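Engineer: Sequence first, predicted coordinates after that:
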Amino acid sequence: VAFFAPHGGGGDAMDVDDASPLLRELARVNVGHEIACLDVTPLADPRAASSEICAVGLWSAEVRVLATATLEELSSAPLTDAEVIPRAVLLCSFEGIPYLLAGLGDGQLFTFALMGERSGIIGDGKKLSVGTQPITLKTFRNKNTTHVFAGSDRPTVIYSQNKKLIYSNVNLREVLHMCAFNCDAFPDSLALASESELTIGGID
């Protein structure tokens, strides 16, 4: 199971040795700037043990895609006109199309199409405002379809329909964190947390 451990202006790619419970360093890189956020969600199968690429958000207001095993930079993109740092990045796939999402500390959301699940080449990007507070990004499944929950002071659910991204507002004032929640009493639900309360609900 590979993962990325940030430190200062760089990071390490680590792995758990199959023969013992020890961590093993695979690669090391200096990206030249402080790392603000990262994601190593596998694009082909979110349940897979590791991903071939990872996304990194930097204090220099840019995102980069690295090869997980070697930490070689595959591509990068500036967060144009961004005045604050990215607070969350997310690799996800909608209707078979891979994307890189970056949520900023001021509620701005960048969406970039990737040129392939393994190439890591960042394509065209779009920017929109989904709030005024820092964004958190989390995937969940609804009706066998991938959705992304963008938590902020104006929470938004992102999904794809006919190869086009749809942004749907959630009728809650503020959601800071979200996770999937499933039990007999609340099947296929979401747990939504704000500073003062926890809400369990679903998405129509």
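Structural biologist: Received it, and whenever you're ready, just let me know what you need.

Engineer: In this structure, where is pLDDT below threshold?
Structural biologist: By pLDDT under 70, the low-scoring segments of the chain are 1-10, 12-21, 46-47, 49.

Engineer: quick one: the most centrally placed residue in it from His147, how far?
Structural biologist: Of all residues in the chain, the one closest to the mean position by CA atoms, centre = their mean is Leu90, 1.4 Å from it. In this view, Leu90 and His147 are 12 Å apart by CB to CB, to the nearest Å. Quick note: C-beta positions are derived from backbone N, CA and C, even for glycine.

Engineer: Overlap in contacts, these two.
Structural biologist: Common contacts of Leu90 and His147, defined by CB atoms under 8 Å, 6 or more residues apart in numbering, comprise Thr139.

Engineer: hang on, the residue nearest to the centre of the chain packs against Ile135?
Structural biologist: No. Look at Leu90 against Ile135 with CB atoms under 8 Å: they stay out of range, at 9.8 Å.

Engineer: Could you pull out the residues contacting both of those two?
Structural biologist: In contact with both Leu90 and Ile135: Gly103, using CB under 8 Å, 6+ apart.

Engineer: and the residue nearest to the centre of the chain, what are its bridge partners?
Structural biologist: Assessed by DSSP bridges, Leu90 has beta-bridge partners Leu101.

Engineer: Start at 26, not 1
Structural biologist: All set: I'll call the first residue 26, so the last point we hit is now Leu115.

Engineer: Show the contacting residues for it.
Structural biologist: Contacts of Leu115 (CB under 8 Å, 6+ apart): 64, 66, 80, 125-128, 162-164, 173.

Engineer: rerun that using 6 Å as the cut-off
Structural biologist: 64, 126, 162 (CB atoms under 6 Å, 6 or more residues apart in numbering).

Engineer: Okay, it and Arg143: tell me how far apart.
Structural biologist: With CB to CB as the criterion, Leu115 and Arg143 are 18 Å apart.

Engineer: ditto for Ile160
Structural biologist: 27 Å.

Engineer: Look at those two and report which has more neighbours.
Structural biologist: Remark: of Ile160 and Arg143, Ile160 carries more neighbours, 27 against 15, as counted by other CB atoms under 10 Å.

Engineer: In this model Ala175 seems to touch the more buried one, though I could be wrong.
Structural biologist: Yes. Counting by CB atoms under 6 Å, Ile160 touches Ala175, with 5.5 Å between them.

Engineer: Phe174 - nearest residue in space that isn't next to it in sequence?
Structural biologist: Met203 (4.4 Å; CB to CB, 6 or more residues apart in numbering).

Engineer: how near is that neighbour to Val182?
Structural biologist: 10 Å.

Engineer: do the same with Ile225
Structural biologist: 16 Å.

Engineer: before we move on, what about Leu190?
Structural biologist: Counting by CB to CB, the gap from Leu190 to Val182 is 11 Å.
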